[in-house]
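Colleague: Sequence first, predicted model second:
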Amino acid sequence: MPATLRNLAQRLGMMAHSFPGGVHPEQHKVSGATAIEVNALAPVHILPMKQHIGAPCSALVNIGDRVLRGQKIAKSEGYVSVPIHAPTSGRVVKIEEHPIAHPSGMGMPSIFIETDGDDAVDQTLEPISDWLNADPAILRERARMCGLAGLGGAVFPTFIKLVRDQRFPIETVILNGIECEPWLTSDHRLMTESATEILIGMRMIKHMVGATAGLIAIEDNKPKAIAAMREAVAAVNDLNDVRVVELPTRYPQGSEKQLIYTLTGREVPAGKLPMHVGIICQNVGTTKALYDAIALGEPLTERVVTVSGDALPRPANLLVRLGTPARLLFARQGLEDFTGLQIVHGGPMMGERLKGPDIPVVKSTNGLLALSANAMAAAHTVEQPCIRCGHCSEACPISLTPNLLADQCRSDQFDKAADYQLFDCIECGCCSYVCPSNIPLVHYFRYGKGQIALTRREQAFAEASRQRSESRDARIEREKAEKAARRSRVRQTHAPKPDTSKPETAKTDNATATNSSNTANTKPEEHS
Amino acid sequence: MTEIALTLLSAVLVNNFVLTKFLGICPFLGTSSKVETAVGMSFAVMFVMTLASTASWLVQQYVLIPLDLLYLQTIFFILIIASLVQFIEMMIHKTSPVLYQGLGIFLPLITTNCAVLGVAILNVQQDQTFLTSALFGAGAAMGFALVLILFAGLRERIEIAPAPIAFKGSPLALITAGMMSLAFMGFSGLVKI
Amino acid sequence: MPLIMLSSPHAHGGDSIRMTMFTVVIALLPASIFSVYLFGWLAVLMIVTCMGVALITEAICLALMRRPLTTLLDNSAALTGLFLALTLPAATPWWMAVLGSVFAIVLGKQVYGGLGYNIFNPALSARVILLISFPLNMTTWIIPMSVQMGATHGGMDLYDLSQCLTLFFGGFDALPAVAQHGLDAISMASPLGHVKTAATLGISAPAALASYHYHLLDAFLGFEAGSLGETSALALLIGGIFLLARHSITWHIPFSYLGTVALLAAISSTIAPNQFTSPMFNLFAGGLMLCAFFMATDPVSSPVTPVGQIVFGIGCGVITWSIRSFGGYPEGAMFSVLLMNCAVPLIDHYCRPRVYGYAKEKPEQ
Amino acid sequence: MTGLLYALASLGAFALLAGLVLAIAQKMFHVEGDPMVDKIDAMLPQTQCGQCGYPGCKPYATAIAGGEAEVNHCVPGGERTMLQIADLMGVEPKAVEEEAAAPRLAFVREDECIGCTLCIKACPVDAIIGAPKQYHTVIADHCTGCELCVEPCPVDCIDMVTKPELLEHWSWPLPDTRRSQLAHERREQHAGHA
């Protein structure tokens, strides 16, 4: 629908708020009716040292150590970080680089745990059954300790969002059950099968942040999940504080900012978080994990993964321990030969295409797709010149002008691109999806963002170098002056005139050039 | 009132100095590679052109004609323009070093921008009054500014086009300027003065 | 083996340039067929020549630049040829049609690096080059068959291939009728031209139209003199609505363009009915419909953003109406589109929509 | 004769007037120093390597702003820096003569180091630490890779090593625009198998 018509409809109250643009890709939700199956333990689990947005973890275990399920094996370094836990009991066999789900195909240091089959559980964490009366700070610490990160795919550490801040009182908790990516059905199945747990999890979030209202947003292509959630809400909703909202299917409705706008009409200001407009948004999978962490005392060691794709004989939703190699999951569903196939981690609109199936399942793995070359070919054919049709601008959910941005990125006009708000791009892929010229617009944006980040790093480095160089020059200058002063003192036996400018320079120099002041064998002389 | 508007319109669109009289082509091509520079150049030229046309009118009326020195017209006008250009050059150097650097040689070259002298001479030839000569100068300057800024926008776009090597840069700019000129011919006859 | 970086998304909606261009060709079918009805073989000759020469020129250019010839299949060159043909008078001699097509492809498009990089609408720039170079030929409107059937005076049989070939390849002088009675024997003025000429003679607009036997319905259906494809507002409207329905164009440019012309004409003709023509006359006359639905909406040379497109349309409307009402040329639609093409980069820059998360006044830095 | 007199007088008077106005303007708009130097200096990579022929980045920036140096002498900055400076200065870009090598770091083989402090004195950015008669170490995060410490070392124990590529610093390359990316890869795969 054209933007203006939509605005009109909104103003007349015929429609709720609706973000601009968006697309309707083919759904392919073939595994939607398949119940979640529990995947068997893998012989070896591989745990990359970073499974969230933020700083990587450092290992707490050594080769040969025996670990239990749920035992913390890597601790977080820095605030934006969460620890990693052993997915099952076994022995640490090695710690070395292993490929991860990253477009570069580069590896990451990972802990390899050889499964012993006992699946013995580490029971240090007690369930917090009376969570309703617990201190929110304790619950928050539990979320951090249990390694919770957004399971929708962005893996932002969950505990950071679960905060009470007087300046930004949270009114509404939004549960994101949109799952707008094609193929993926893990949230769909989770909502259908664990509606009650999710609802309790949401209550916990509400308690933690002090919110009064709760919304569970589900797209209308998941009627079973809607029914299940409604049933669960009806069964326990004595306060009438939680509502299930059915939204018309549109990609990228599941994107946090778009969802918030659709449900509340509020925009998260650029560079701010949803909490700044009184909202917290959590994925249903994360909410279920929060329930497990608090009510059962279980750290995050497993998640639901949709294994699907047009090249996979038996698409399924699997409950998988973290660290399970993707190859085993594909094999379980009947796919062994990967020649000519494309493996995608996540959904087709935003997921990474992998070099091969030899990556472990991590916290962000909401889906693993095996696509035939034909299914991918339409998106990756020869790029043709832009005919400026403007379809990308229409499809952009945040109202950027993608074709102009791509021109700027292509011709290295990065300042201009930043000026055109390149960094607000959420890389949802709508522009590339609709482009009649098959321009990989998102790829250009990623290139541009990378180049700008590189330039900024280089500039910061150059600025630091310049300061070091200047302080060094100042120091050399001062040493020369001192030497000259000493020489003149030796030559003239009269009392030297005090040099007034000296103490000042010495002071600034000591502060900036501590590295080398001791090495350059010039201790500032005692001086009257 | 109508006459003022028509004079302005005529100078801006119908008798555009660059695209229909083909005056001031040198800075038109030289300072149009970036919109920002073009805007700076436009303001500089507007300043010089408006003041030059009024000052030259005054000199013509109160110095040259009474003293019967019409043969010194060109020298006097150039003197006025040169002083104004010097003035604005110092001003820009002080206020905007980047613009100063961007305009480079074209800033002092406003002196020899034939459009400026053209306006001054056309003014006295057409027996304009003080007001109309000021308006004519301002209008001509606005016309220059308009096409210069439009052209700079276009050039920023063709800069990144994969044009054949033979046409890349100035040739393509000239072709584009030619097409603009053709388009501006559509205005011909719009204002009959 | 190095991994070729393939960025998400890994799905595509299936649109292609070829289909986009083909949709426009389809949308031009009603106008093209109607032009054949009006101008017989001349229309066929013109369309075939322009499209053929456009394709050949494009192929030569691509070969010279060592670029893949597969680009020919994107239908854009053929479309440019068709566009040009539809803007030319039926009596244009073959060599002008060829020249125009070459201009359109070479100067209008390929010197800029091919499809997507041109600044001006290629067909329109060629049309304007021809108009300024050969004003007589470009303003001589042959009497359409529909008018001839109703009237008693001379003209030529446009459904007769041999006569058309003579005119097309030999020019006016080759026709015996022209040799005897001059150009008037086969040509007539277009409504806009008639009004403009009358105005210079001091005849008021309504009087001029009366002497022209002007009927609004005829103008709407297209039974009047003019370029091949511009006469029938109805056929062009059908094509335009098809484009709108297929989402090839958005409503912004045509509506703001036509709306501005209509509004200005309405105001001016109410104030001074003797000097200005009515909005309906303006909407159906000349190349306005063709330009509004097909030329101004040419994606490459028009703005990308909705607000920009509205600004673009308004600009086109103001210029078209001004040239028609005050200018030296009877028709300003083509000039207006070319003039606004110049402003597209600036419009694109200043009319960007508000990005999500930025307050309406000024983005916080 | 009077005509000539009038002409000379009026022209002279007018020139004087103009000169006066300009002299006042000169005072009013007097520019201290050259603001361009800092702008250019900010664009240079601050390696202080001296490969441009000037003793550091700032002197080179001064030379460019003064019109004494070309814009293309900064080797570590490469083409990008050259283009930025050319853009700022409004001059035609010129190709950088030397290809910048991949970013490198100095690395001291500590068991060979004799602790002479010569490299420490050579380092323009104080990126080497150590005391006399003790091992010296390069602070990797501070090293600009200028190689100025390599030459002074009497025992040649300083190596230039390639900077390790970090996953966090990885960025997308420009897309391969000319052909179908998938088809291209399939072709490569084919070639690999054969």
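Modeller: Noted; the coordinates are in hand.
Colleague: okay, and the helix or strand of chain B with the least pLDDT?
Modeller: Least confident helix or strand of chain B, by mean pLDDT, DSSP states H and E, is helix B:97-103 with a mean of 77.
Colleague: How about the residues of chain B by chain D?
Modeller: Proximity of chain B to chain D, by Cβ under 8 Å from any Cβ of the partner chain, involves residues B:37, B:59, B:63, B:67-69, B:72, B:75-76, B:79-80, B:82-83, B:86-87, B:90-91, B:93-95, B:97-98, B:101-104. Just so you know, the C-beta spots here come from the backbone N, C-alpha and C atoms, and that holds for glycine as well.
Colleague: Let's see that with 6 Å instead.
Modeller: Counting by Cβ under 6 Å from any Cβ of the partner chain, chain B comes close to chain D at B:63, B:67, B:69, B:72, B:83, B:86-87, B:90-91, B:93-94, B:97, B:101-102, B:104.
Colleague: other SSEs contacting the longest helix along chain D?
Modeller: Looking across chain D with DSSP state H, the single longest helix is helix D:2-28. On a contact count with 3 or more Cβ pairs under 6 Å, 6 or more residues apart in numbering or on different chains; DSSP states H and E, helix D:2-28 meets helix B:73-95.
Colleague: helices and strands around the helix it packs on, which ones?
Modeller: By 3+ Cβ pairs under 6 Å, 6+ apart, helix B:73-95 packs against helix B:35-59, helix B:97-103, helix B:114-125, helix D:2-28.
Colleague: Of all those, which one is nearest residue A:18?
Modeller: helix B:35-59 (35.3 Å; Cβ to Cβ).
Colleague: Distance from the chain centre to the closest one, please.
Modeller: 7 Å (Cα atoms, centre = their mean, to the nearest Å).
Colleague: Run through who's touching the following helix or strand past it.
Modeller: For helix B:35-59, the following helix or strand on the C-terminal side (DSSP states H and E) is helix B:65-67. Applying Cβ atoms under 6 Å, 6 or more residues apart in numbering or on different chains, the external contacts of helix B:65-67 come out as residue D:6.
Colleague: tell me which residues in helix B:65-67 are buried?
Modeller: Buried residues in helix B:65-67, defined by neighbour count with 16 or more other Cβ atoms under 10 Å in any protein chain shown: residue B:67.
Colleague: now it: mean pLDDT?
Modeller: For helix B:65-67, mean pLDDT rounds to 85.
Colleague: Show me what the helix ranked longest in chain B is packed up against.
Modeller: Longest helix in chain B by number of residues (criterion: DSSP H): helix B:130-159. If contacts are counted by 3+ Cβ pairs under 6 Å, 6+ apart, helix B:130-159 sits against helix B:2-9, helix B:35-59, helix B:114-125, helix B:170-184, helix C:333-350.
Colleague: Please identify the deepest-packed of the ones you listed.
Modeller: For the helices and strands packed on helix B:130-159, the largest average neighbour count (mean count of other Cβ atoms under 10 Å in any protein chain shown) is found in helix C:333-350, namely a mean of 25.
Colleague: Next, the angle helix B:35-59 makes with that helix.
Modeller: 120 degrees (axes from the mean of the first three to the mean of the last three Cα atoms, to 10 degrees).
Colleague: hey, where'd the strands end up in chain D?
Modeller: All strands of chain D, identified by DSSP state E, fall at D:104-108, D:128-129, D:137-138, D:158-162.
Colleague: closest to residue B:10 out of the ones you listed?
Modeller: strand D:104-108 (65.3 Å).
Colleague: Just the angle for that closest one relative to strand D:158-162, thanks.
Modeller: 140 degrees.
Colleague: Any regions of the chain where pLDDT drops low?
Modeller: Reading this off chain A. Low-confidence segments of chain A (pLDDT under 70): A:1-16, A:237-239, A:493-528.
Colleague: Oops, wrong one, chain C.
Modeller: Checking chain C against pLDDT under 70 turns up C:1-4, C:148-155, C:360-365.
Colleague: And for residue A:166, the neighbour number?
Modeller: 5 (other Cβ atoms under 10 Å in any protein chain shown).
Colleague: Hmm, I typed the wrong one, I wanted residue A:191.
Modeller: For residue A:191, the count of nearby residues is 29 (other Cβ under 10 Å).
Colleague: who in chain B is up against chain C?
Modeller: So chain B meets chain C at B:150, B:153-154, B:157, B:161-164, B:167, B:175, B:179-180, B:182-183, B:185-186, B:188-190 (Cβ under 6 Å from any Cβ).
Colleague: Can you flag the buried ones in those?
Modeller: B:150, B:153-154, B:157, B:161, B:163-164, B:167, B:175, B:179-180, B:182-183, B:185-186, B:188, B:190.
Colleague: from what I can see residue C:186 touches residue C:158, true?
Modeller: No: applying Cβ atoms under 6 Å, one finds residue C:186 not in contact with residue C:158, separated by 9.5 Å.
Colleague: re earlier: what is the least confident helix or strand of chain B packed up against?
Modeller: Judged by 3+ Cβ pairs under 6 Å, 6+ apart, the packing partners of helix B:97-103 are helix B:35-59, helix B:73-95.
Colleague: how about TSV for the strands of chain D, with mean neighbour count, distance to chain C and mean pLDDT added?
Modeller: Output for the strands of chain D, formatted as TSV (neighbours: other Cβ atoms under 10 Å in any protein chain shown; distance: least, Cβ to the nearest Cβ, whole Å; pLDDT from 0 to 100):
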stretch	mean neighbour count	distance to chain C	mean pLDDT
strand D:104-108	19	23	85
strand D:128-129	22	37	87
strand D:137-138	17	32	88
strand D:158-162	15	18	86
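Colleague: what's the domain layout of chain D?
Modeller: As assigned by automatic domain parsing, chain D contains the domains D:16-100, D:101-163.
Colleague: just chain C next, same as before
Modeller: Taken from automatic domain parsing, chain C resolves into C:17-189, C:191-224+C:249-350.
Colleague: measure the last one end to end?
Modeller: For domain C:191-224+C:249-350, the first-to-last residue distance is 38 Å (Cα to Cα, to the nearest Å).
Colleague: Report the distance from that domain to the chain centre.
Modeller: With Cα atoms, centre = their mean as the basis, domain C:191-224+C:249-350 stands 12 Å off its chain's centre.
Colleague: ok, it near chain A or not?
Modeller: Yes: using Cβ under 6 Å from any Cβ, we find that domain C:191-224+C:249-350 touches chain A at C:299-300, C:304-305.
Colleague: May I have the residues that are in contact with residue A:36?
Modeller: A:189, A:193, A:304, A:317, A:319.
Colleague: Just the C-alphas of the host helix or strand of the last one, formatted as CSV.
Modeller: This points to residue A:319. Assigned by DSSP H and E, residue A:319 belongs to strand A:316-321. Extracted in CSV, the C-alpha atoms of strand A:316-321 (Å, rounded to 0.1, in the frame of the first residue of the first chain):
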residue,chain,number,x,y,z
ALA,A,316,12.4,-30.1,11.6
ASN,A,317,12.6,-28.1,14.8
LEU,A,318,15.2,-29.5,17.1
LEU,A,319,16.0,-28.9,20.7
VAL,A,320,19.8,-28.7,20.4
ARG,A,321,22.6,-28.5,22.9
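Colleague: Alright, calling it a day.
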